[in-house]
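*Asks:* Predicted model and sequence follow; I will ask about them next.
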Amino acid sequence: MPGFKIRNQSKYPKLRAFVSNYSISSGSAEWFSVPPNFDDPEKCLWARPGWEVVVFEDPASGLRRGWYLSPDNGILELYFFTFEQELGIVKTK
């Protein structure tokens, strides 16, 4: 299934992500910790077939930033670096 693989490449160790569930009602819209790698699909993959809002938050500082993205029938690997920089995005599959 298409979706988003998300990893934390930032200086924020407690970074969390929220991925909306507009395109799939069974998907969770909770906040989750963002892992530093793609090793465990249970922790890094959000299966979503269409357009979604992806938001990152640092709970310590309250900083948030989001993007509206679509995996377009593939997997988008999202690399979060900092709140002042665009996401690193690689489309796979």
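*Replies:* Yep, it's here.
*Asks:* got the residue ranges for the helices in the protein?
*Replies:* 41-44 (DSSP state H).
*Asks:* any idea which residue sits dead centre in the chain?
*Replies:* Residue closest to the average C-alpha location in the chain (C-alpha atoms, centre = their mean): Ile6, at 4.3 Å.
*Asks:* Quick one, grab the pLDDT at that residue.
*Replies:* Ile6 carries a pLDDT value of 98.
*Asks:* And Glu52, by the same measure?
*Replies:* 96.
*Asks:* Please report how far the closest residue in space to it that isn't next to it in sequence lies from Val55.
*Replies:* Leaving aside its sequence neighbours, Glu52 sits nearest to Ser20 (C-beta to C-beta, 6 or more residues apart in numbering; 4.7 Å). Placement of C-beta: from N, CA and C, glycine included. Distance from Ser20 to Val55, counting by C-beta to C-beta, to the nearest Å: 8 Å.
*Asks:* which residues of the protein fall in strands?
*Replies:* Along the chain, the segments classed as strands by DSSP state E run 3-8, 16-19, 31-33, 45-47, 52-58, 63-69, 75-80, 88-92.
*Asks:* Can I get the last one in PDB, CA atoms only?
*Replies:* This file holds the C-alpha atoms of strand 88-92, laid out as PDB (Å, rounded to 0.1, in the frame of the first residue of the first chain):
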ATOM      1  CA  GLY A  88      13.900  15.600   2.300                       C
ATOM      2  CA  ILE A  89      11.600  13.600   0.100                       C
ATOM      3  CA  VAL A  90      12.500  10.500  -1.900                       C
ATOM      4  CA  LYS A  91       9.900   8.600  -3.800                       C
ATOM      5  CA  THR A  92      10.300   4.800  -3.900                       C
END
